[in-house]
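**Q** I would like to see how this sequence folds:
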Amino acid sequence: MEYITLQYGKTRAKVQTKGAQIASFQGADGREVIWQADPAVWAQHAPVLFPVCGSVRDGHIRIAGEPYPMTKHGFTREPDFAVSHVGEDFVDLVLTASEQTRNMYPFDFAFHVTYRLFENGYTTTFLIENRSDRVMPCCVGGHPAYIVPMEAGAKYEDYQIIFAQKEECINSLAPGGYLIDGTEQLQELQGGKVLPLNHALFDDRDALVFAGLNSRSVDLVHKDTGHGLRFDFPKMEVLAIWSMPHKNADYVCLEPWHGMPGRAQDSDNFEDKPYVTLLDPGKVYTTWFTTTLI
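**A** From the prediction side, this is the model:
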């Protein structure tokens with residue numbers, strides 16, 4: 001597996017070509033922020049999701065009425081992405097259609113993942129190009145895992161997620177991480193803005209899935225010191241929050257999605273998925289999210 005090392009001043013990162021995942025990020029103080037993929041807990045750092053976000057019914061999607069096999073979160077975890085462009089503080093990685101991807105997703109595409117550092121932060125940008133001669137439905141998202149606790153002597157329960165704006169506290173339920181099947185009023189979200197972290201949140205539900213948010217930014221911070229990170233996702237309509245259930249793992253994933261898992265009551269037609277982009281031939285779709293240490 002190849003790794004690319006990036007640097008901006010005292011800010012450093014390491015990106016792996018397999019799956020185009022950021023595998024390490026350190027700000028000026030030198031502390032590691034990205035979960036280090038302990039295989040006994042969860043052997044990933046920060047997957048990128050394409051062309052679906054979340055689960056699909058019975059491992060299939062339907063495009064123009066035809067069924068195609070598809071895995072949860074798409075097919076981008078295992079392939080090696082090619083290095084398109086690289087500089088001291090950025091790298092652009094690209095995955096293009098192959099015989100294997102066409103068996104699951106019958107389109108010619110280029111999927112770019114770009115990481116660019118700045119002082120104490122980085123931006124992840126997704127660019128999707130439709131190289132086919134027909135409309136291409138697609139969803140895209142991120143799945144970065146951040147180490148919690150972030151400070152010596154702190155506990156997981158010392159941290160909270162603060163939404164930039166007040167939310168309705170509606171969580172889309174996906175039992176076992178499968179299809180969306182109902183909603184709940186999330187009582188743990190205090191005042192519609194503050195979500196105290198604890199492992200029981202994920203043991204009881206798997207992921208939290210907030211759709212149609214007012215906020216496009218959250219802070220993941222220690223409740224007393226205010227230290228942590230700010231997570232901005234200006235064009236992404238959904239934020240999932242997740243940690244592996246029943247592992248008491250020292251991380252939390254903040255997952256910005258332009259898309260949703262399948263819903264139990266819906267058809268399996270990809271074209272009908274919530275927040276799907278119907279990308280015309282020759283067109284591109286771009287979105288991004290940013291992580292900044294605070």
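**Q** C-alpha only now, for contacts and for neighbours.
**A** OK.
**Q** roughly how far does the closest residue to residue 186 other than its chain neighbours sit from residue 213?
**A** Using Cα to Cα, 6 or more residues apart in numbering and skipping residues adjacent in sequence, the residue nearest residue 186 is residue 169, 5.2 Å away. Look at residue 169 and residue 213: by Cα to Cα, to the nearest Å, they are 10 Å apart.
**Q** same deal with residue 52?
**A** Separation of residue 52 from residue 213 (Cα to Cα) stands at 19 Å.
**Q** next one: residue 129
**A** Distance, residue 129 to residue 213, using Cα to Cα: 27 Å.
**Q** same deal with residue 259?
**A** Distance of residue 259 to residue 213, given as Cα to Cα: 13 Å.
**Q** any residues in contact with both of those two?
**A** Taking Cα atoms under 8 Å, 6 or more residues apart in numbering as the contact rule, the neighbours common to residue 259 and residue 213 are 237, 238.
**Q** more neighbours, residue 52 and residue 213?
**A** Neighbour comparison, residue 52 and residue 213: the larger count goes to residue 52, with 28 against 18 (by other Cα atoms under 10 Å).
**Q** can you tell me the SS state at that one?
**A** Counting by DSSP: H, G, I helix; E, B strand; the rest coil, the backbone at residue 52 sits in coil.
**Q** surely it touches residue 74?
**A** Yes: with contact defined as Cα atoms under 8 Å, residue 52 counts as touching residue 74 (5.2 Å).
**Q** quick one: the helices in the stretch 1-150 of the chain?
**A** With helices called from DSSP state H, counting those that start in this stretch, the stretch 1-150 of the chain shows them at 99-104.
**Q** actually the stretch 151-294 of the chain, sorry about that
**A** Secondary structure of the stretch 151-294 of the chain, counting by DSSP H, counting those that start in this stretch: helices at 200-205.
**Q** can you show me the strands along it?
**A** Along the stretch 151-294 of the chain, the stretches classed as strands by DSSP state E, counting those that start in this stretch are 159-163, 170-172, 183-185, 194-196, 208-211, 217-222, 228-232, 238-242, 251-258, 277-279, 284-293.
**Q** now these in TSV, with distance to residue 3 and mean pLDDT?
**A** What follows is the strands of the stretch 151-294 of the chain, written out as TSV (distance: least, Cα to Cα, whole Å; pLDDT from 0 to 100):
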stretch	distance to residue 3	mean pLDDT
strand 159-163	31	98
strand 170-172	36	92
strand 183-185	41	92
strand 194-196	35	97
strand 208-211	31	95
strand 217-222	27	98
strand 228-232	24	98
strand 238-242	26	97
strand 251-258	22	98
strand 277-279	31	98
strand 284-293	20	98
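**Q** among these, which is nearest residue 5?
**A** In terms of Cα to Cα, the element of the strands of the stretch 151-294 of the chain nearest to residue 5 is strand 284-293, at 17.5 Å.
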